[in-house]
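Trainee: Here you go, sequence then predicted model.
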Amino acid sequence: MDCVTGHVPGGKKNFNAYLIMVVRFRKSVRCLPCHKQNKALDTALLFWNNIISTCAVPKFIISDRDPKFTEEFWTNLYDILDTKFAFSRRFCAYGMEYKDH
């Protein structure tokens with residue numbers, strides 16, 4: 001997943017970038033028009049509407065984005081999927097059943 005700018009036709013919505021996604025399972029490339037100012041939520045929505053809804057949730061996503069963007073992307077994507085994080089304590093075999101007293 002990467003964002004490419006330059007030589008992008010603006011269209012009605014004045015797009016100035018493409019979000020490039022390679023779907024290895026289908027051996028295809030998706031070039032989605034977007035704005036280079038897109039936030040993690042915008043990217044998560046593009047990902048949901050164009051990849052997950054047509055191909056399923058991928059096992060791997062390769063990206064060179066910074067950790068903050070990556071964290072926000074996954075948080076927004078899980079919000080869209082209505083999936084909640086439930087962290088357990090490290091080295092705890094009980095997971096969510098464990099409670100501190």
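Mentor: Ah, there it is.

Trainee: Against Phe73, how distant is the spatially most central residue of the chain?
Mentor: Nearest to the mean C-alpha position of the chain, counting by Cα atoms, centre = their mean, stands Ala44 at 4.3 Å. Between Ala44 and Phe73 the computed distance is 5 Å (Cβ to Cβ, to the nearest Å). C-beta: built from backbone N, CA, C; applies to glycine.

Trainee: ok, for Leu45, nearest residue in space, not its chain neighbours?
Mentor: Among residues not flanking Leu45 along the chain, Ile80 sits closest, at 7.0 Å (Cβ to Cβ, 6 or more residues apart in numbering).

Trainee: tell me the contacts of the residue nearest to the centre of the chain?
Mentor: Phe73, Asn76, Leu77, Ile80 (Cβ atoms under 8 Å, 6 or more residues apart in numbering).

Trainee: Distance check, it against Lys12.
Mentor: Counting by Cβ to Cβ, the gap from Ala44 to Lys12 is 23 Å.

Trainee: What of Leu19?
Mentor: For Leu19, the distance to Lys12 - Cβ to Cβ - is 18 Å.

Trainee: and the two? which has more neighbours close in?
Mentor: Leu19 (22 against 5; other Cβ atoms under 10 Å).

Trainee: Contacts only, for that one.
Mentor: Met1, Asp2, Cys3, Arg30, Cys31, Leu32, Pro33, Cys34, Asn38, Thr43, Leu46 are the contacts of Leu19 under Cβ under 8 Å, 6+ apart.
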